[in-house]
Structures are given as structure tokens and as C-alpha cells.
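Chemist: sequence-free structure coming up:
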């Protein structure tokens with residue numbers, strides 16, 4: 001009986017140690033992933049600061065620069081596994097779209113996305129947010 005109780009106590013201690021080790025490893029992985037994600041956004045931040053430093057320059061050049069920074073940020077999201085969805089002319093998909101408005105447009109098939117008000121990012125289980133859209137009215 002003494003031997004079984006000793007084994008039981010050792011198994012409990014091993015389980016407790018395993019739980020503690022798992023918590024430490026999980027926190028370490030979270031820290032590494034946060035650092036990786038932040039590092040991926042550093043060039044975007046650098047380019048935004050560069051664009052702001054040229055605020056007195058030609059407005060067309062600034063707009064073009066900001067578009068380039070936006071494209072860079074979209075690319076970072078794609079690298080992280082969250083592709084951008086801002087397509088018009090596609091069929092409404094409740095898994096990828098959130099309808100905020102419906103319009104009557106006789107030139108477009110009913111149930112078709114006619115305007116994207118806010119792009120969505122991600123797919124399926126890894127969706128950050130759905131695209132906010134306007135859809136052609138169904139008859």
C-alpha cells in the first residue's frame with residue numbers, strides 16, 4: 001500500500017510539473033509570435049513615418065506613398081495568413097461578407113456584391129473580420 005501511495009504522489013508531482021512546463025512553453029511561444037508579428041509591421045511603421053516627414057511635398061506623391069504603405073500592410077496580413085477580401089461583382093457569401101446595405105441595381109445579378117465599404121481579412125476559421133458590403137437586391 002505504501003508503494004502504491006508513493007507512486008501516486010510521484011505521478012501527481014509529475015503531472016503538476018508537466019502543467020507548469022506547458023504554461024511556461026506556451027507563454028514563451030506567445031512572446032516569440034508577438035515579436036515576430038511586431039517585426040513584420042516595423043517596415044510599415046517606418047514607411048508611414050517617412051510619408052509623414054514629407055507632408056509638405058506634392059500631395060499626389062504623398063497619396064501614392066500612402067497607397068504603397070497600405071499595400072505593404074496588406075502584404076504583411078497575407079504573410080500572416082489573413083488575405084484581404086475586397087472584391088466586387090462576386091456572389092454574396094455570408095461566411096465572408098457582412099451586408100450593411102441593399103440596393104436595387106437592374107444591371108447586376110441579385111445577391112451580387114456591388115460595393116465593399118470595408119475589406120475583410122482571413123478565410124474560414126482564421127477570419128479576422130468579414131468584408132462589409134452593399135449587395136444588389138434579390139427580387
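Modeler: On my side now, so go ahead. Given the structure is predicted, the values throughout are model-derived calculations rather than measurements.

Chemist: so residue 98 sits in a helix?
Modeler: No: Residue 98: not assigned to a helix; according to DSSP: H, G, I helix; E, B strand; the rest coil it is strand.

Chemist: just give me the neighbour total for the nearest residue to it once chain neighbours are set aside.
Modeler: Counting by C-beta to C-beta, 6 or more residues apart in numbering, residue 98 lies nearest to residue 130, which is 4.4 Å off, once chain neighbours are set aside. Backbone N, C-alpha and C define where each C-beta goes, glycine included. Residue 130 is flanked by 19 other residues according to other C-beta atoms under 10 Å.

Chemist: relative to residue 69, how far out is residue 130?
Modeler: For residue 130, the distance to residue 69 equals 24 Å [C-beta to C-beta, to the nearest Å].

Chemist: please apply the same query to residue 88.
Modeler: Applying C-beta to C-beta, the value for residue 88 to residue 69 is 23 Å.

Chemist: with neighbour numbers in mind, choose between those two.
Modeler: Comparing residue 88 with residue 69 by neighbour count (other C-beta under 10 Å), the higher total belongs to residue 69, at 18 against 13.

Chemist: surely the residue nearest to residue 98 touches residue 118?
Modeler: No: using C-beta atoms under 8 Å, residue 130 is not in contact with residue 118; the gap is 9.1 Å.

Chemist: average pLDDT for the one helix or strand residue 32 maps to?
Modeler: Element membership for residue 32 (DSSP states H and E) is helix 2-53. On average, the pLDDT along helix 2-53 is 91.

Chemist: which element follows it toward the C-terminus?
Modeler: Remark: after helix 2-53, the chain's next helix or strand is helix 59-79, criterion DSSP H and E.

Chemist: in that following helix, what counts as buried?
Modeler: 65, 69, 73, 74, 76, 77 (16 or more other C-beta atoms under 10 Å).

Chemist: want to try CSV for the residues you listed, with distance to residue 107 and pLDDT as columns?
Modeler: Below are the buried residues of helix 59-79 laid out as CSV (distance: C-beta to C-beta, whole Å; pLDDT from 0 to 100):
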residue, distance to residue 107, pLDDT
65, 36, 82
69, 35, 89
73, 34, 91
74, 29, 91
76, 37, 90
77, 32, 89
